[in-house]
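Chemist: need a structure here:
(4 chains)
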Number of protein chains: 2
Amino acid sequence: MYFCTNVCILKVTIVDIAKKLNITPSTVSRALAGNKRISEKTRELVKNTADTMGYQPNQLAAALRKGVNDSIGMVVPRINRHYFSNVICGVEEVLNKAGYNLSILQSSELLEKETNAINTLRQSRVGGIIISLSLETENYDHLKELNEQIPLVQFDRVCESITGPKLVNANYDGTRQATQYLLDKGCKRFLHLAGKDTNNVYKERKRGFTDALKDAGIPEKNIEVVEIIPTREEGRDVITKLWKHQQFDAVICAGDYAALGVMEALKQINVSIPDEVKVLGFANEPFAELMSPSLSSVEQYGEEMGRKAAYAMLNKIKDDSLDYTEVLPVKLICRESTR
Amino acid sequence: MYFCTNVCILKVTIVDIAKKLNITPSTVSRALAGNKRISEKTRELVKNTADTMGYQPNQLAAALRKGVNDSIGMVVPRINRHYFSNVICGVEEVLNKAGYNLSILQSSELLEKETNAINTLRQSRVGGIIISLSLETENYDHLKELNEQIPLVQFDRVCESITGPKLVNANYDGTRQATQYLLDKGCKRFLHLAGKDTNNVYKERKRGFTDALKDAGIPEKNIEVVEIIPTREEGRDVITKLWKHQQFDAVICAGDYAALGVMEALKQINVSIPDEVKVLGFANEPFAELMSPSLSSVEQYGEEMGRKAAYAMLNKIKDDSLDYTEVLPVKLICRESTR
DNA sequence: TACAAAAATACAAACGTTTGCATTAATAGC
DNA sequence: GCTATTAATGCAAACGTTTGTATTTTTGTA
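Modeler: I've put the predicted structure just below:
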């Protein structure tokens, strides 16, 4: 069917259709949009010839003229992180159905890349931005500015002092519940490997941990909190160093990767899990279930988070005054590492 | 500093700057672009006032006028698959540095969503598309058409009959080497859980498997190939059913998730891995290393693939006649499941 | 058949850039 | 001091849509 070359296929525009049918571009535009002002007959005619000519509407021109863009931007710390990639899927699912499409950028946990990403998205005039902050982000000026300009939805790692929809996981409840669970198991000496305190996620997890222990009357000397970057390596290193001076029977980590490191380190020095130490992670990464012993963790539902963030965006676009914080429930998953 | 409202910040345009400085928009445009035709003095002046006014260039307008867009589209089967999310990171890394940005869409393994994604990207006039095909895609008309219109780079799951840059993993070599490794270990009765034969990736993996065995003189009756959708569930189910009639001492799977299912099923019926059966996967998912016994697999370097795909795109944009297939090396990773 | 009302379409400006060409200002050469 | 040359800027059209308003065509009614 395609006898003509690239160029001609690519360049078919509303004016070409208009010329072919001896009508005006405006009529074509309206016909394609299904406007009732155009007669049923010409509407059909236009649609058909548009099809046969291989017409592809020019999003750029339309967005420029309309002043609104039906694509939404998304900024995440890392695309290849299980949790975030799941959130992306959820967002995509909802936005796609609503006729929007998604531009995804990653900040790689860097403030500079985050700022760049935001600027890129603004320059391409996205209709809104869904963001989860980088670990490095402690100054929020760029966000405050952004928030005054286009619809902004924050999720997971958020800046609380910025108005608008914010969706977070029940980090406090999750860790508190997890800690309580270990208390019930009879643990006495607790270690928490926490993340940066400037981050709402890690701050809340730490708070859940300490509150649970305080309420249970555990003496301070049996509670230790160490702030790390929650990676496999740091988890391993920190435990290895720490264990020489101090032992625990419960280690609660701010993330599964740190917990993985902890377990590896403990195995290496022949500390038995869960008999001598119980280990708990957070995020329920796919590997948690499959390790040996399998790792207890806290599931946070990424796709659901994504869907909620997308709906929040759709609503925020309609009503700019939207301002709330929703806390999504998480679920403690008990496995061998805490039996 | 921001006394004025949303609207006014958002709307600052090249004309506003021009008015403020009593010069024309064209001068402003050229100044911002660093054009030498504009005097050093006004260039600086314009840039400074643009900054203080919070000017954000309108990508839409520029792309519309220039007829080219500095954003690249990417279509992958699933964003939340470890391999693909790694490829995305690689692509992003390179394109970002080159001043492009990325729009990522997922096909969810469906032809229809793939076609939609492509259309969406074309409508937003991306400068090129990097794609890995959905499993469902067996008809390539939409790709052939696309390939005549904008720069197209295929990776991993490709259509061989379409010209242009194609980057694939050494699926044949990888499986062949893996099979040879099991032959060397003394295995005699081989099972391959293959994926769809219409897919280049799975076809090559199967070919590597059968070629290795044929060359080793393994009799046909000791070779079995079963085509499945390589998921955990199917791996589990197929083995459970199969094992009743037929046993093997080597199971080579087209993917790690299928291998995981296989191992679970075998554990359930008390078949020992690796003593009675050796199991091998493909892709080296993060969990492979952490399982017990740990799963031998074939590493395919996602980020490197992404970087190569991005470079291919940058080159293809410059030179449309580019047409080659590059095979990226993979690496057999031997672990406990094949000891 | 004429005429108002309604339906269908046409006209033209606008969105914010970029860019070829025209114009003005500045410098140089004599 | 006057023209030739170069440097700096201005003008206006174009990219492909959308949309308010104007115009034409059709329909209905008397």
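Chemist: what is the least confident helix or strand in chain A?
Modeler: The helix or strand of chain A with the lowest confidence, counting by mean pLDDT, DSSP states H and E, is helix A:6-10 at a mean of 42.
Chemist: and whichever residue of the stretch 151-300 of chain A sits closest to chain B, which of the three is it?
Modeler: The minimum distance from the stretch 151-300 of chain A to chain B, using C-beta to the nearest C-beta, falls at A:Ser292 (3.3 Å). In short, each C-beta sits where N, CA and C put it, glycine included. Classification of A:Ser292 by DSSP: H, G, I helix; E, B strand; the rest coil places it in coil.
Chemist: now for the residue lying closest to it once chain neighbours are set aside, how many residues are close by?
Modeler: Counting by C-beta to C-beta, 6 or more residues apart in numbering or on different chains, B:Ser292 is the residue found nearest to A:Ser292 once chain neighbours are left out, at 3.3 Å. Neighbours of B:Ser292 under the rule other C-beta atoms under 10 Å in any protein chain shown: 15.
Chemist: pLDDT value on B:Ser292, please?
Modeler: We have a pLDDT of 91 for B:Ser292.
Chemist: quick one: contacts for it?
Modeler: A:291-292, B:336 (C-beta atoms under 8 Å, 6 or more residues apart in numbering or on different chains).
Chemist: one more: A:Leu266?
Modeler: A:239, A:243, A:273, A:277, A:279 are the contacts of A:Leu266 under C-beta under 8 Å, 6+ apart.
Chemist: neighbour-wise, which one of the residues you listed leads?
Modeler: A:Val279 (30 neighbours).
Chemist: doesn't that one fall inside a strand?
Modeler: Yes. A:Val279: assigned to a strand according to three-state DSSP.
Chemist: so how far is DNA strand C from A:Ile228?
Modeler: 45 Å (C-beta to the nearest atom of the strand, to the nearest Å).
Chemist: that residue and A:Leu110, how far apart?
Modeler: Using C-beta to C-beta, to the nearest Å, A:Ile228 is found at 19 Å from A:Leu110.
Chemist: pretty sure A:Lys166 sits against A:Asp156.
Modeler: No. A:Lys166 is beyond contact range of A:Asp156, at 9.4 Å (criterion: C-beta atoms under 8 Å).
Chemist: give me the more crowded residue out of the two.
Modeler: Neighbour tally, A:Lys166 and A:Asp156, criterion other C-beta under 10 Å: the higher count belongs to A:Asp156, 25 against 22.
Chemist: list the contacts for the more buried one?
Modeler: A:83, A:87, A:132, A:167-169, A:201, A:305.
Chemist: about what we covered before: ok, the contacts of A:Leu266 vs A:Gly261, which is closest?
Modeler: A:Ile239 (7.1 Å; C-beta to C-beta).
Chemist: please, which helix or strand holds the closest one?
Modeler: helix A:232-243 (DSSP states H and E).
Chemist: after that helix, which helix or strand is next?
Modeler: Counting by DSSP H and E, what follows helix A:232-243 is strand A:250-253.
Chemist: avg pLDDT for that next one?
Modeler: Rounded mean pLDDT across strand A:250-253 is 98.
Chemist: count residues in the vicinity of whatever residue of the stretch 151-300 of chain A ends up closest to DNA strand C, would you?
Modeler: For the stretch 151-300 of chain A and DNA strand C, the shortest gap (C-beta to the nearest atom of the strand) falls at A:Pro151, measuring 17.7 Å. Counted by other C-beta under 10 Å, the residues lying close to A:Pro151 total 24.
Chemist: doesn't A:Gly127 make contact with it?
Modeler: Yes. Here A:Pro151 reaches A:Gly127: they are 7.0 Å apart, a contact under C-beta under 8 Å.
Chemist: shared neighbours of those two, anything?
Modeler: Joint contacts of A:Pro151 and A:Gly127 (C-beta under 8 Å, 6+ apart) are A:Ile317.
Chemist: wait, what's in contact with the residue of the stretch 151-300 of chain A found nearest DNA strand D?
Modeler: The nearest approach of the stretch 151-300 of chain A to DNA strand D comes at A:Pro151, 18.5 Å away (C-beta to the nearest atom of the strand). Residues near A:Pro151 by C-beta under 8 Å, 6+ apart: A:127-129, A:164, A:313, A:316-317, A:320.
Chemist: ok, now with 7 Å
Modeler: A:127-128, A:313, A:316-317, A:320 (C-beta atoms under 7 Å, 6 or more residues apart in numbering or on different chains).
Chemist: tell me the residues of the stretch 51-200 of chain A that contact chain B?
Modeler: Listed as neighbours of chain B in the stretch 51-200 of chain A under the rule C-beta under 7 Å from any C-beta of the partner chain: A:56-61, A:63-64, A:71, A:79-80, A:85-86, A:88-89, A:92, A:101, A:103-106, A:119-120, A:122-125, A:145, A:148-149.
Chemist: strands of the stretch 201-339 of chain A, start to end?
Modeler: Using DSSP state E, counting those that start in this stretch, the strands of the stretch 201-339 of chain A run over residues A:223-227, A:250-253, A:278-280, A:297-299, A:325-328, A:331-333.
Chemist: quick one: list the elements packing against the fourth one.
Modeler: What that stands for is strand A:297-299. On a contact count with 3 or more C-beta pairs under 7 Å, 6 or more residues apart in numbering or on different chains; DSSP states H and E, strand A:297-299 meets strand A:331-333.
Chemist: residues touching the strand it packs on, excluding its own?
Modeler: A:174, A:177-178, A:181, A:284, A:296-299.
Chemist: drop anything exposed from those.
Modeler: A:174, A:177-178, A:181, A:284, A:296-299 (16 or more other C-beta atoms under 10 Å in any protein chain shown).
Chemist: could the contacts of A:Asp156 go into CSV alongside secondary structure and pLDDT?
Modeler: Shown next, in CSV, are these (DSSP: H, G, I helix; E, B strand; the rest coil; pLDDT from 0 to 100):
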residue, secondary structure, pLDDT
A:Tyr83, helix, 96
A:Val87, helix, 97
A:Ser132, coil, 98
A:Leu167, strand, 98
A:Val168, strand, 98
A:Asn169, strand, 98
A:Val201, helix, 97
A:Met305, helix, 98
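Chemist: make JSON lines out of these and add neighbour count.
Modeler: Listed next are the contacts of A:Asp156 as JSON lines, based on neighbours: other C-beta atoms under 10 Å in any protein chain shown:
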{"residue": "A:Tyr83", "neighbour count": "23"}
{"residue": "A:Val87", "neighbour count": "31"}
{"residue": "A:Ser132", "neighbour count": "26"}
{"residue": "A:Leu167", "neighbour count": "24"}
{"residue": "A:Val168", "neighbour count": "22"}
{"residue": "A:Asn169", "neighbour count": "25"}
{"residue": "A:Val201", "neighbour count": "22"}
{"residue": "A:Met305", "neighbour count": "24"}
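Chemist: out of these, which comes closest to B:Phe209?
Modeler: A:Tyr83 (35.0 Å).
Chemist: my read is that the closest one contacts A:Glu303, right?
Modeler: No. With contact defined as C-beta atoms under 7 Å, A:Tyr83 and A:Glu303 do not form a contacting pair (10.1 Å).
Chemist: so what does the residue lying closest to A:Trp243 once chain neighbours are set aside have for phi and psi?
Modeler: In space, A:Trp243 comes closest to A:Ile269 once its chain neighbours are excluded; the distance is 6.4 Å by C-beta to C-beta, 6+ apart. Backbone torsions for A:Ile269, taken as degrees, to the nearest 10, come to phi -100, psi 20.
Chemist: tell me how many other residues surround A:Ile269.
Modeler: Count around A:Ile269 with other C-beta under 10 Å applied: 10.
Chemist: repeat that for A:Leu295.
Modeler: If you count neighbours by other C-beta under 10 Å, A:Leu295 ends up with 28.
Chemist: likewise for A:Arg65?
Modeler: 12.
Chemist: so how far is A:Asn58 from it?
Modeler: 10 Å.
Chemist: what do you get for A:Phe84?
Modeler: Distance of A:Phe84 to A:Asn58, given as C-beta to C-beta: 32 Å.
Chemist: where do the helices sit along chain A?
Modeler: In chain A, helices defined by DSSP state H lie at A:6-10, A:14-21, A:25-33, A:40-53, A:59-66, A:82-97, A:111-123, A:141-147, A:171-184, A:200-215, A:232-243, A:256-268, A:286-290, A:302-318, listed in chain order.
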